[in-house]
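Trainee: structure for the following, please:
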Amino acid sequence: MRTQVAIIGAGPSGLLLAHLLAAAGIDSVVVERRSQEYVLARIRAGVLESSSVDLLRSAGLGERVAREGIEHRGIYLQWPHERHHLDFVDLTGRSVWIYGQTEVQKDLVAARTAAGQPVEYEVTDTALHDVDTERPYVTFVDAAGRPRRVDADVIVGCDGSFGPSRGAIPALQTWERTYPFAWLGVLAAVPPSTDELIYAWHPDGFALHSMRSAAVSRFYLQVAPDEDLEQWSDQRIWDALAVRLGHGENGWQLAPGPILEKSVLPMRSHVATPMRHHRLFLAGDAAHIVPPTGAKGLNLAIADVALLAPALSALLLEHDDTLVASYSERALQRVWRCTHFSWWMTTMLHRHGDEFDAQLQLAQLRWVTSSDAGGRGLAENYAGLPLEL
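Mentor: Presented below is the predicted three-dimensional model:
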C-alpha cells in the first residue's frame, strides 16, 4: 500500500489524527494490533478539558459530546469532616466535560467508517523501517496472516508505551516515576451520588467518586500496587468508599449498586524524548504517561494531535517543515507541565509517608481551598491550558 501518513495505533490519538488529516485532504492508513472490539471496550479516562471539547466540535465530532456529555463547573476536594467546592468557571472561565474515552473512541470509529477509511485491526509483527529517510515504511502481518507493507511520507506512532514506534527512535531519553500505590477502579451501575467529582484525602487512603453517565458511576480507591482483587468483595469496596468519601456526614449519602467491573491500575509517570526523529513522530501514550489523578492522559493525547495535524499538513501540502521541526519541543512543554500537575495532585491526595507528610498534605489542601491563588492554579491546570501551548 502507498499512503501519505502511516499511523500505528487506532486509539483516540491515532484515529483523531487520521480524521484531522483527512479533513485537510491527506490520506492515511491506520494499523492496530488489538481488535476493534477490544479498543472500543477499554475503560479509560472520563474527563475532557474544555479545549479538547472545542477541538472535537471544530472537527465535526462534538454532536454526542454536547448531547450526552455532562458539563461540570468544577470538583470537590475533601478530607475528614470537610468538603470544599472549586468552581473552575468562576476561577478561570472554563469548565470540564464528563465524557468517557470509550465514547470518544466510538465517535472516532464511526467517523472513520462513514468516510470509508478502514483500519487494519489485529495485526502482528509491526515494524518501522527507514524512518530517517524521506521514504519510511511499515511492515506487518494482517489479520488473515498475510505479510503487508505500507510505504508513506511520514509515520506516526500512536501505539502506547509497549508499541514498536518508541523503540525506533535512536538515543531516546526517558524519565520515569513509579508511585508506591495503585488505584482499585470500580464501574458500578448506580446513579452518581454527587453532582461533580469528589477527590477525597483520608487516613485510610485516597478515594475518588467519578461518573460516566446519569446511570453509571466510577469509583477509585488507593490500594497497594500488588493488591489482590480477590480480597475485595463488593461489600468491602462499598464499605471502604463509604468511609473514605464521608457517608453520613452533613446528610450526604453514598448509594451503592451492582458492580460491573473492577481492576487495579498502577500509577506511574513516564516521558520519552524526543517526540520526533526525522519522518517518525510520537503522540499520546507512546511518548508520555501520567497518573490519572489530574485527568490529563487523554487530553494530552488530543493536545499532541492538535499540534501534529497542522504540522504534517504544512509539511505534506506546502513542503514547509517549520512546524514539524518544532513539534517535539512545543508538545513537550505541555507534557512536562501536565506531568508536574499530575504529580502534584497525586502527592497531595495519596497517603504515601509518615504523619508529618500527612499534615503537609492537609495544609496544602487547606491552602488550595481557601486561597484564590491556590484554587486558580489548580483550576487552570485541571480545566486545561490553551491548545496553542
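Trainee: who's in contact with Asn207?
Mentor: Just so we're on the same page, residue 207 is Ala rather than Asn. Going by CB atoms under 8 Å, 6 or more residues apart in numbering, Ala207 touches Ile198, Ala200, Phe219, Tyr220, Leu221, Gln222, Ala240, Leu241, Arg244, Leu245. For the C-beta atoms, the positions are set from N, CA and C on the backbone; glycine is no exception.
Trainee: just the closest of those residues to Trp367, please.
Mentor: Ala200 (17.4 Å; CB to CB).
Trainee: the closest residue to Ala111 other than its chain neighbours - how many residues pack around it?
Mentor: Leaving out its chain neighbours, the residue that sits closest to Ala111 by CB to CB, 6 or more residues apart in numbering is His19, at 5.5 Å. A total of 22 residues lie near His19 under the criterion other CB atoms under 10 Å.
Trainee: report the contact partners of His19.
Mentor: Applying CB under 8 Å, 6+ apart to His19 gives the contacts Ala59, Leu61, Leu108, Ala111, Arg112, Ala115.
Trainee: re earlier: among the contacts of Ala207, name the ones in helices.
Mentor: Applying DSSP state H to the contacts of Ala207, the entries found in helices are Ala240, Leu241, Arg244, Leu245.
Trainee: grab the nearest non-local neighbour of the first one.
Mentor: For Ala240, the nearest residue in space outside its immediate sequence neighbours is Leu221; the separation is 5.6 Å by CB to CB, 6+ apart.
Trainee: so how far is Ala23 from the one you found?
Mentor: 42 Å (CB to CB, to the nearest Å).
Trainee: swap in Thr369?
Mentor: 42 Å.
Trainee: in the stretch 151-300 of the chain, which spans are helices?
Mentor: Remark: helices assigned in the stretch 151-300 of the chain by DSSP state H, counting those that start in this stretch are 234-245, 297-318.
Trainee: tell me the most buried of those?
Mentor: helix 297-318 (a mean of 23; mean count of other CB atoms under 10 Å).
Trainee: just the CA trace of it, in CSV.
Mentor: What follows is helix 297-318, C-alpha atoms only, in CSV (Å, rounded to 0.1, in the frame of the first residue of the first chain):
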residue,chain,number,x,y,z
GLY,A,297,-3.8,11.4,29.8
LEU,A,298,-6.5,11.6,27.1
ASN,A,299,-6.3,15.4,27.0
LEU,A,300,-2.5,15.3,26.5
ALA,A,301,-3.0,12.9,23.5
ILE,A,302,-5.6,15.3,22.0
ALA,A,303,-3.2,18.2,22.5
ASP,A,304,-0.4,16.3,20.7
VAL,A,305,-2.6,15.7,17.8
ALA,A,306,-3.8,19.3,17.7
LEU,A,307,-0.1,20.3,17.2
LEU,A,308,0.8,17.5,14.9
ALA,A,309,-2.0,17.6,12.4
PRO,A,310,-1.4,21.2,11.1
ALA,A,311,2.4,20.5,11.2
LEU,A,312,2.0,17.5,9.0
SER,A,313,-0.4,19.4,6.7
ALA,A,314,2.2,22.1,6.2
LEU,A,315,4.9,19.6,5.5
LEU,A,316,2.9,17.4,3.1
LEU,A,317,0.8,20.1,1.3
GLU,A,318,3.2,23.1,1.4
